[in-house]
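# Give me the fold of what follows.
(one chain, ligands or ions: 1)
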Amino acid sequence: MSDQHDPNESGDSGDEARFQPRDGVTETIAVLQTRLPDHHGLLLCLDFDGTLAPIVDDPEAAEITPTNAELVDRLRDAPGIELAVVSGRGLADVRGRVDVDDVTYAGNYGIETDYGDGDIEVHPDAAAAESVVERVRTRLEDELEDEDGVAVEDKRWTTTVHFRRAPDRAEAVTDRVEAVVAEHGDDQLTTASGRAIVEIKPDVETNKGAVVSGFAAEADGYLPMYVGDDVGDRSAFEAIDAAGGVSVYVGDEDIGATATVASPDEVAALLRWIADDGVDYVGGNGAVDETH
Ligand SMILES: O=P(O)(O)OC[C@H]1O[C@H](O[C@H]2O[C@H](CO)[C@@H](O)[C@H](O)[C@H]2O)[C@H](O)[C@@H](O)[C@@H]1O
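This is a model prediction of the structure:
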């Protein structure tokens with residue numbers, strides 16, 4: 001997934017009358033119309049940055065679009081819908097940005113999970129590496145201090161180094177991060193790329209795919225669906241494929257997802273259809289939800 005052309009840079013249009021859903025939205029709706037009648041419900045897993053919120057230069061400034069915020073709130077209470085927000089951000093951070101309670105949140109690529117009751121479970125192996133992550137983060141903050149446009153994001157269990165505002169420094173910064181992790185990471189950390197970022201994480205057996213597989217196993221009879229835009233979402237797309245679900249990629253490439261939509265505005269069009277009409281397709285062929 002290239003970061004060269006970014007269709008998500010624009011914000012919420014704020015004018016739904018002029019917004020015309022394009023093919024990916026129509027395609028996804030057609031798939032859901034066919035498949036929802038055979039399921040008890042829809043397990044709807046949503047990424048945050050680039051999916052619910054447009055990509056912006058300053059990670060602190062990222063905001064869910066007003067329309068997506070309203071729709072997440074509606075879908076939380078919709079019959080036959082189980083909602084989860086699955087993010088690379090820290091859990092408390094992403095929960096604050098979505099600001100809807102009683103929804104499942106996974107943060108730090110699945111290291112942290114809150115099943116909607118406010119209790120945060122942390123992957124024990126990741127928790128054990130906290131002091132190493134902190135040491136590497138401190139080191140990176142020192143080493144990258146003089147790099148204009150480069151920022152280190154503290155997510156407690158992981159760390160992200162941002163270079164969106166210094167694109168010509170991408171390679172040098174990535175090399176520097178990898179060198180610091182190799183020297184100070186005690187063989188407990190790994191790195192991963194994303195959209196103008198390098199992530200530094202504990203080298204543990206969890207990612208968005210593992211989290212989404214776990215949610216799907218618990219939501220028996222529900223059609224699993226994942227909407228995401230980034231490299232870190234690939235494991236979730238693979239998990240959704242393995243579970244026979246529906247994957248929607250937000251971007252401008254064919255990555256083999258069920259459908260591709262262009263932006264958080266198109267995600268909103270999809271969420272609106274699910275809230276307005278999709279709920280009526282659930283269980284239409286006799287599958288009835290009595291448990292959720
Ligand atoms: O899984 P996500 O919810 O998509 O989180 C992935 C990373 O998103 C954030 O960074 C990205 O969005 C920023 C704001 O638009 C942008 O400036 C940056 O270039 C993107 O990579 C977040 O800051 C990271 O912590 C997340 O891991």
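# tell me the secondary structure for the residue of the chain found nearest the ligand?
Residue nearest to the ligand within the chain: Gly88 (2.7 Å; Cβ to the nearest ligand atom). Bear in mind the C-beta positions are built from the backbone N, C-alpha and C, glycine included. Following DSSP: H, G, I helix; E, B strand; the rest coil, Gly88 is assigned to coil.
# Just give the number of residues close to it.
31 (other Cβ atoms under 10 Å).
# so who does it touch?
By Cβ atoms under 8 Å, 6 or more residues apart in numbering, Gly88 lies in contact with Phe48, Asp49, Gly107, Asn108, Tyr109, Thr158, Thr160, Gly194, Glu199, Lys208, Asp230, Gly232.
# quick one, phi psi at it?
Backbone torsions of Gly88, given as degrees, to the nearest 10, read phi -80, psi -10.
# I'd like to know which of the contacts of Gly88 are part of helices.
Judged by DSSP state H, helices contain the following of the contacts of Gly88: Lys208.
# ok, and the most crowded of the contacts of Gly88?
In terms of neighbours by other Cβ under 10 Å, those top out with Tyr109 at 30 neighbours.
# do you know how far that residue is from Ile200?
Distance, Tyr109 to Ile200, using Cβ to Cβ, to the nearest Å: 12 Å.
# Need the residues touching each of these two.
Listed as contacting both Tyr109 and Ile200 by Cβ under 8 Å, 6+ apart are Thr158.
# Can the strand or helix carrying Glu171 be said to contact the ligand?
Using DSSP states H and E, Glu171 maps to helix 170-184. No - in terms of Cβ under 6 Å from any ligand atom, no part of helix 170-184 sits within range of the ligand; the closest distance is 10.9 Å.
# Would you mind listing the buried residues in that helix?
Ala170, Val173, Thr174, Arg176, Val177, Val180, Val181 (16 or more other Cβ atoms under 10 Å).
# who's in contact with the spatially closest residue to the second one that is not a sequence neighbour?
Pointing back at Val173 there. In space, and not counting its chain neighbours, Val173 is closest to Phe163: 5.0 Å by Cβ to Cβ, 6 or more residues apart in numbering. Phe163 is in contact with Glu147, Gly149, Val150, Arg169, Ala170, Val173, Thr174, Ala196, Ile197, Val198, counting by Cβ under 8 Å, 6+ apart.
# What's the local residue count around the second one?
Think Gly149. Gly149: 14 neighbours (other Cβ under 10 Å).
# If anything else comes up later, I'll come back, but that's it for now.
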